Every structure is written in C-alpha cells, then in structure tokens.
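Trainee: Predicted model, plus sequence, below.
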There are 4 protein chains.
Amino acid sequence: MRADALRNRDQIVAAARVLFITHGVEAPMEEIAKAAGVGVGTLYRRFPDRGALMDAVTVDVFHRLTGMIATARDEESSAWDALRRFLREWAEFRLGLLQDPLCSGMSQALRTNSELREIRTRWLELFERTVQEAQQAGDLRRDVGLMEIATFMNLLIRDEQTETTGRILAFMLDGLAVTPGT
Amino acid sequence: MRADALRNRDQIVAAARVLFITHGVEAPMEEIAKAAGVGVGTLYRRFPDRGALMDAVTVDVFHRLTGMIATARDEESSAWDALRRFLREWAEFRLGLLQDPLCSGMSQALRTNSELREIRTRWLELFERTVQEAQQAGDLRRDVGLMEIATFMNLLIRDEQTETTGRILAFMLDGLAVTPGT
Amino acid sequence: MRADALRNRDQIVAAARVLFITHGVEAPMEEIAKAAGVGVGTLYRRFPDRGALMDAVTVDVFHRLTGMIATARDEESSAWDALRRFLREWAEFRLGLLQDPLCSGMSQALRTNSELREIRTRWLELFERTVQEAQQAGDLRRDVGLMEIATFMNLLIRDEQTETTGRILAFMLDGLAVTPGT
Amino acid sequence: MRADALRNRDQIVAAARVLFITHGVEAPMEEIAKAAGVGVGTLYRRFPDRGALMDAVTVDVFHRLTGMIATARDEESSAWDALRRFLREWAEFRLGLLQDPLCSGMSQALRTNSELREIRTRWLELFERTVQEAQQAGDLRRDVGLMEIATFMNLLIRDEQTETTGRILAFMLDGLAVTPGT
DNA sequence: CATGAATGAGTTTTCATTCAT
DNA sequence: CATGAATGAAAACTCATTCAT
C-alpha cells in the first residue's frame, strides 16, 4: 500500500471515529469523506460498505484502548489506580465501541476479521486482568463485571458535556470502590 | 377534540415514545404511524413535523416522571428512598427525554409551548426538592446536582439490556450515597 | 335546498373564485373550505370533486360577466364605450375563466351542465353583439375577434398589481381602437 | 466542472425552463429530471431545492433575452423596430421570468447570486435604452414604462395558443405606437 | 346535514452505493 | 488510484377524497 493511500485510510478511520460518536453511526458517508479530506469514491475503495468502516473504526478504537490500559498499568502503582486512570482517559477521548460494548454481538466480523479478533482479545485480557487484580487487592467491589463497566463507558461517551460526564464517572468510580463500611 | 381522535393522538405519542428510545429519534414517521395503528396522514395532521412530535413525547414523559416521583415521595418514608425508587422506575420504563436531560436546550419549545413549560417546571421542582431533602437528611452526597443525575439517567435508558442497566444504576446509587467513612 | 345550505354553497363558490385566481386552480380544497367558513366535508357534499367546483365558479363568473356587460350596454351610449367599461370592470374584479377563455375546451361540462351551457351562450351573444356593433360604428378594429379579447383578459387578471394591470389594459384598448390614420 | 456534468446541468435548466412555462413552476421535479434525461438525484445535486433551480432558469432566461435584444438592436435600423422584433421573439420562444417580470421581488436571490444580479442589470440596461431611444425617436408612446411591457410579456407567454398570442401582441404594439393623430 | 378526522397516493428530498472520467 | 457525478430506493411531507361522529 502506497504511503498516500495509507494516509488516506488513516484519515478516513479517524474522521469516522469522531463522526460516529458525535453524529451517530448513521453519519452520512459523504460527510465522513469530506471530514477526511477525500472523495466518497476513495472511502468506498477502502471500505466496501458502512459495516466495513465500522469494523475498521472498532479495530482502531480497540488499539487505542489497549494502548491506554497498557500504559496505565505500567505507570500506575496499583491495578485500581490503573483502572481509574484508564476509564478517565477513555471518557476523555470519547472512544466509542459502536456496537455492543464488548463487541460480542459482532459475531460475523469476529469470525471473518482476524485483526479485530486479536486486538479485541488482547484488550479484553488486559482489562479483565486489571479488574481482577483490583478486586483481589480489595479496592474494587467483587460484584462488578467487565460488562457493566464497558456498557457504562459506552453510554457515557455519548454525552457531549465533558464537565458533567467527568463528574458522573467520578460518582460511578466511588460506587465501584470498596468502602471501609461495606 | 373527538374521542377517537384523542385516542389516536395518545397512541401516536405512546408509539413515538417507545420508538424514539428503541430506534432513536430518527425512527421513520411511517413506522411510528404503523405502530400507532394509523396512517401517516393522521400523524402529520396532529404533529406538523418531527419536532412537534418530539415535543409532545417530551411533555408525556415529563407527566409520567412527575407521576412517578410524586408517588415515590408519597409512599416512601425518606427522600432518599423515594429518590432511589424513582430512579429505578425511570430506568425500568426507559422514559427518555430525547433532548438534553433537563430540556434546557429546548428554548424555542419552552417559549412557545406553555404545557411543556409547566409540566417541566413541576417535575424539576419535585425532583430538586427530593434531592435537597435527601442531602439534608445526610443520605445523598452534597456534591451532586440534578444535571448529573438527569444526564446519567438519560444515557442509561438508551441501553437495551435491562439486566446490566439495573446493576449499573445500583452501582451509581452506591456512588451517590453518603457512606459512613466519607 | 335550505337557506343555510344555499348560503354555504354561495360562500364556497365565492371563496373558490378568489383563491383560484390568487393561488391558482391548484389551491388546496381545505384552504377554500376554510376561506368559505365551512368544513371540507361540506364542500365535498356540494361539489363531488375539484372539477365540479371549477364548473360552478365558471357559471358564477359567466353570470357576473353577463351582468356587467348588460349593464354597460344599458348605461353607455355607444357599443365601444360599453365594451371598454366592461373590460375595465372585468379586470378590476379579476374574474377568471379558469379554463380556456371562451370555455370551449370544456366540452364535457358543456354537454352535461345545461346551466353552464346557457349562461355561457348568453354571455357570448352579448359580447359578440357588442364587439360587432363597435366595429360597425367604426370604433373597434375589424380584425379583432372575441378570442383575442377574452384570452387577453384572462391573462391580464392573473396579475396582482392592479396599477400596472390598468395601464396595460389602457394600452391594449388604444391598440384595438380605430385610429384616424389607420 | 466535468464536461458531462456541465451538459447535464444545461439539460436540466433547459428542461425546467420549458416545463415551468408549460406546466407551471410547480412542475414535479421528477418530471423535470426525466425530461432532462437524468435521475432526480442528479437534479438535486446541482440544485438543492426548487428555488435554486428557478434562479438558474431565470439567469438562463436573462441571458437569452439579453442576446435577443442585443441582436435586434444590431440588426434593425431603428430602436422601435428592434423593440418590436425583440418582443415578438420573446413571445415566440416563451421565455418566462417566473417571478415578477423585472425580478425585483427576488431580493434574496439578487443579494446572494451575483451572476443573476449582473445579467439582470445588463438586460435591464439594454431594454431601458431601447425603450428610451424609441420614445425619443417619436415611435413609442412616452407614457409607457419597462414595467408595463415586461409584465405584459410575462402574462402573454403563459398562453399556449401561439396564433392568438401573436395577434394579441400585435394589437398591443399598435397600442404602444405613437399614431399620427395622437 | 356539517364537521373535521383518517387515509394513502403522489411529491419532495436525502443519501448509500456505483461508475464514468 | 482518486474523484465526484449519477442513480434510485427510502424517508419526509402534502393534500384530494372518503367516512365516522
């Protein structure tokens, strides 16, 4: 793939990632192409239909989420601190998972698209390990699962008001923490 | 207004309320009409455009929310119990506010539509009073506002998985509660 | 026919006559009904479809035109004066003939509707006689026919600017007059 | 602009010009597209709504009228001859101005659309000059203005019967001429 | 008999996707 | 390979006409 073609591809995915969140996954393809600085034709050459584009965005988002959580685990001293930092950054960058939050509903794509399958697995593993460690350390409630956290995050990022969103996340983190009296 | 026309109107609003939540506010007008058991023409006779229908649904939702919170306040012994019950029922019935959660963005409609203005005010007053009483009783954190709660609820009801949604709400309520150690 | 029913009928025809001219013969039936102060149902009870209403308006217009020309002939001293007065009043009241100006294209209606047939004939006779007399008196050019005058009038009344319309008619009358040098 | 796209654009404007006159400015967009040999989508890509198409037709008509009057002025020996030839050709080709005949009512479009503004001005200047010259030469009555002529023409071209239309114009030209006895 | 509610066919308009340049 | 033009199916909206109240 030529350098410029690759750049185009990246710009399209980036534009789609943003527009899918801000304008919904129904955002006009022409808008996405314009935001990416290319013609629709170019978009369709790379991604035969909206589904393919959504899958590509999902892969991209998984990559970013994986990077985020990996960094947080490296740099924070506890799993609980890493988890909280990860979720705050997730919210801040509004990385949407588009489909159901663990993307288990994407059975078709998961079967076909090995890149998607692999990055999803890697992220899930890191995420799950962090959650379990935080629970074992006695910081995170034991009755919470990946599904609840991911679903909550996926809902949260749909909101536009960053200020309010941040406070809601803070309340939720307090709700998830193990408190002395519990 | 004729009895049958009123019945149709109610069915349209009810159908729209459900479809707006489950399929988004872009749900085809024809679908809404079909779900209400009427022709599109009937829908458009009552509601000249999508905005008018959205306003009507919002009024309806405010009425239901007002009824819910009023009942909860009557039947529960503390403001905190009433608030929790209200939020659980709100989630259960998935009453979406469509626009921004306190509907302050509906400036146009709020100016024009006095019915909307009144029921919104009534609901907000009841809601605010309940929050303040729960805070004064030492049950609800003092750093939480209507906006956070309403925004959270509005995001929450977009989710389809009732099971998960219920648990997320429970975690949030724990996060909002004043815990002995705080 | 009851008195009120008759009044309704007249109001409908009057409203239609005006709206057909000002908003075109495509004017919404509901608008016509509203302008007449009745419901659409009432309109359709009297006139089974748009065509029937148009025919009724045409009959009404022929009646008014016949009255106008008859009065003008009675009160003016020459056929030419009568003709000019008639055309000025026709323009002033904007009485449109809706279909082709002599309504010869209405073959269907002319066959079915004897009232229409009769009043049309009566008007045409008066009109033609006036034209011929004015020609014989040496006031009106001999190369002009009913068709040209009626077509011109029918076009003229479509214009909304009474001021300009009046001047156009004046120029045309000068063009129709026999001038000394011709 | 690509050659084929330009050809399509021209065909659309040409089709619209004809259909707007023969079937009124309410002519179905789909009909216009079909007459132009393109799909509706193509039409809407060029002209976002009916108004934009009407403006384009108006620009086109002004261009043609300007060409007509310029040629007439070049080839005829007197202003009066040029004016008469111009008006005859205008009627023959049935070039309608759609809105009010001098398009002064198009204030919005005149402000936005500089192409429209310029060609309208150019045409008006040529037209006015011709009228004034014919008046100064003693051929055209001095009490007639652009507005009356343009309004008359705009009404005239709505008629379908070319035969009658031609005779009406001839009478009008006689009415506008300075006759020896006047 | 009057009313205005309901219907659905016809139009306008948008947009995903294909294809000529 | 990139572009943006063309297409047509789908959704929004209007209105003539019918019919229940």
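Mentor: On my side now, so go ahead. Numbering: from 1, shown residues only, chains lettered A, B, ... in the order given.

Trainee: Show me which helix runs longest in chain A.
Mentor: Counting residues, the longest helix found in chain A (DSSP state H) is helix A:50-75.

Trainee: does DNA strand E sit close to that helix?
Mentor: Yes: under the criterion of C-beta under 7 Å from any atom of the strand, DNA strand E is reached by helix A:50-75 at residue A:50. Just so you know, the C-beta spots here come from the backbone N, C-alpha and C atoms, and that holds for glycine as well.

Trainee: Sort out which residues of that helix are buried, please.
Mentor: A:53-62, A:64-66, A:68-70, A:72-73 (16 or more other C-beta atoms under 10 Å in any protein chain shown).

Trainee: For it, which helices and strands make contact with it?
Mentor: Applying 3 or more C-beta pairs under 8 Å, 6 or more residues apart in numbering or on different chains; DSSP states H and E, one finds that helix A:50-75 contacts helix A:3-23, helix A:79-93, helix A:107-112, helix A:114-136.

Trainee: can you tell me if that helix touches DNA strand F.
Mentor: No: if you take C-beta under 7 Å from any atom of the strand as the test, helix A:50-75 misses DNA strand F, and the best it gets is 13.5 Å.

Trainee: tilt between that helix and helix A:79-93?
Mentor: Inter-element angle recorded for helix A:50-75 and helix A:79-93: 140 degrees (by axes from the mean of the first three to the mean of the last three C-alpha atoms, to 10 degrees).

Trainee: Which helix or strand in chain A has the lowest average pLDDT?
Mentor: Least confident element among the helices and strands of chain A, by mean pLDDT, DSSP states H and E: helix A:107-112 (a mean of 82).

Trainee: what residues does that helix touch?
Mentor: A:51, A:55, A:58, A:103-104, A:116-117, A:120 (C-beta atoms under 8 Å, 6 or more residues apart in numbering or on different chains).

Trainee: just to revisit the earlier point, most tightly surrounded among the helices and strands packed on helix A:50-75?
Mentor: helix A:79-93 (a mean of 20; mean count of other C-beta atoms under 10 Å in any protein chain shown).

Trainee: And chain B, is that helix touching that?
Mentor: No: counting by C-beta under 8 Å from any C-beta of the partner chain, chain B is not contacted by helix A:79-93; separation bottoms out at 11.7 Å.

Trainee: Other residues contacting that helix?
Mentor: For helix A:79-93, the surrounding residues in contact (C-beta under 8 Å, 6+ apart) are A:64-65, A:68-69, A:72-73, A:75-76, A:130-131, A:133-134, A:137, A:139-140, A:149, A:153, A:156-157, A:162, A:165-166, A:169, A:173, A:177.

Trainee: Please report how far the closest residue to DNA strand F within chain A lies from residue A:31.
Mentor: Nearest residue of chain A to DNA strand F, counting by C-beta to the nearest atom of the strand: residue A:41, 2.0 Å away. Note on residue A:41: its distance to residue A:31, by C-beta to C-beta, to the nearest Å, is 15 Å.

Trainee: One more: residue A:13?
Mentor: Distance of residue A:13 to residue A:31, computed by C-beta to C-beta: 15 Å.

Trainee: pLDDT value on the closest residue to chain D within chain A, please?
Mentor: Using C-beta to the nearest C-beta, residue A:30 is the residue of chain A that sits closest to chain D, at 10.6 Å. pLDDT recorded at residue A:30 is 94.

Trainee: same check, this time on residue A:181
Mentor: pLDDT recorded at residue A:181 is 55.

Trainee: Residue numbers of chain A in contact with DNA strand F?
Mentor: So chain A meets DNA strand F at A:1-2, A:4-5, A:8, A:38-42, A:44-45 (C-beta under 7 Å from any atom of the strand).

Trainee: if we go to 10 Å?
Mentor: Within chain A, the positions near DNA strand F by C-beta under 10 Å from any atom of the strand are A:1-2, A:4-9, A:11-12, A:29-30, A:33-34, A:36-46.

Trainee: Could I get the CA-only coordinates of stretch A:49-65 as CSV?
Mentor: The C-alpha coordinates for stretch A:49-65 follow below in CSV (Å, rounded to 0.1, in the frame of the first residue of the first chain):
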residue,chain,number,x,y,z
ASP,A,49,-19.7,-0.5,2.9
ARG,A,50,-20.6,1.2,6.2
GLY,A,51,-20.1,-2.1,8.1
ALA,A,52,-16.5,-2.4,6.9
LEU,A,53,-15.8,1.1,8.0
MET,A,54,-17.4,0.5,11.4
ASP,A,55,-15.3,-2.6,11.8
ALA,A,56,-12.2,-0.6,11.0
VAL,A,57,-13.1,2.0,13.5
THR,A,58,-13.7,-0.6,16.1
VAL,A,59,-10.2,-2.1,15.5
ASP,A,60,-8.8,1.3,15.8
VAL,A,61,-10.6,2.0,19.0
PHE,A,62,-9.5,-1.3,20.4
HIS,A,63,-5.9,-0.4,19.6
ARG,A,64,-6.2,2.9,21.4
LEU,A,65,-8.0,1.4,24.4
